[in-house]
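A.B. asks: got a predicted structure plus its sequence, pasted below:
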Amino acid sequence: MRPVLRLLGTRYGIALVLALLVLGVVGVMRGVAGSYRQTLGTAVESPRSSSIDPTAGNDSLLSPESPAPPVTSPGAAEPATVATDFVRAWLAHDGVTPEQWRAGFARYATQTLRDKLKDTDPAGVPAQRMTGPVSLMNRSATFVEASMPLDTGTVRLRLLATNGRWLVDGVGWERT
């Protein structure tokens, strides 16, 4: 008996007691979880009959329908046109000063975007030409996301409408 007590007083004995304690807790938890899973498995059976009328329509909060189409004021450019014109001006970065470059796309950009790009060097534009048409994703009547393939990647634009006039509010880049 004394050798056992002497062993428990050492660090090996303490480690042994802790290991047995952990194994005991794990064993108890597995036993409880096993009985819980069995109870849960029998409680989650599919119903034999349904009181849902499939012809009653959709009453869910999340709508699978598309968002409202973009609203453009009469005479104002559509989002696809604004996106394309912005990208053309954004790509016209060779042989111009930073001020000339920013002036080229200023009429297609929000003040927020113009402020973000005020210290940008046009030499940092990572592409030279468009290689495909613009694709639009309607998010709401006043918010559209546009993407356009370029020679070295894809430019992604965020367009916002204010009083029916579309402007680019954000530019993102994905290299291919």
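C.D. replies: Now that the structure is in, tell me what you want to look at. In this text the structure is predicted, and so the values were computed from the model without any measurement.
A.B. asks: please point out which parts of stretch 86-94 sit buried.
C.D. replies: For stretch 86-94, burial by neighbour count (16 or more other Cβ atoms under 10 Å) applies to Phe86, Val87, Ala89, Trp90, Leu91, His93. C-beta: built from backbone N, CA, C; applies to glycine.
A.B. asks: what are the ranges of the helices in this protein?
C.D. replies: Under the criterion DSSP state H, helices of the chain are mapped to 2-8, 11-43, 79-91, 98-105, 111-116.
A.B. asks: most tightly packed of the ones you listed?
C.D. replies: helix 79-91 (a mean of 21; mean count of other Cβ atoms under 10 Å).
A.B. asks: tell me what angle it forms with helix 98-105.
C.D. replies: 170 degrees (axes from the mean of the first three to the mean of the last three Cα atoms, to 10 degrees).
A.B. asks: show me what helix 79-91 packs onto, helices and strands only.
C.D. replies: On a contact count with 3 or more Cβ pairs under 8 Å, 6 or more residues apart in numbering; DSSP states H and E, helix 79-91 meets helix 98-105, strand 135-140, strand 143-150, strand 153-162, strand 165-175.
A.B. asks: now tabulate the ones you listed in a markdown table and tack on distance to Leu20 and mean pLDDT.
C.D. replies: Listed next are the helices and strands packed on helix 79-91 as a markdown table, based on distance: least, Cβ to Cβ, whole Å; pLDDT from 0 to 100:
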| stretch | distance to Leu20 | mean pLDDT |
| --- | --- | --- |
| helix 98-105 | 71 | 97 |
| strand 135-140 | 59 | 93 |
| strand 143-150 | 59 | 96 |
| strand 153-162 | 58 | 96 |
| strand 165-175 | 56 | 95 |
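A.B. asks: out of these, which comes closest to Ala68?
C.D. replies: Among those, strand 135-140 comes nearest to Ala68, with 6.1 Å by Cβ to Cβ.
A.B. asks: gap between the two ends of stretch 67-74?
C.D. replies: Its start and end residues considered, stretch 67-74 measures 21 Å (Cα to Cα, to the nearest Å).
A.B. asks: identify the residues contacting it?
C.D. replies: 78-79, 136, 138-142, 144, 161, 163-166 (Cβ atoms under 8 Å, 6 or more residues apart in numbering).
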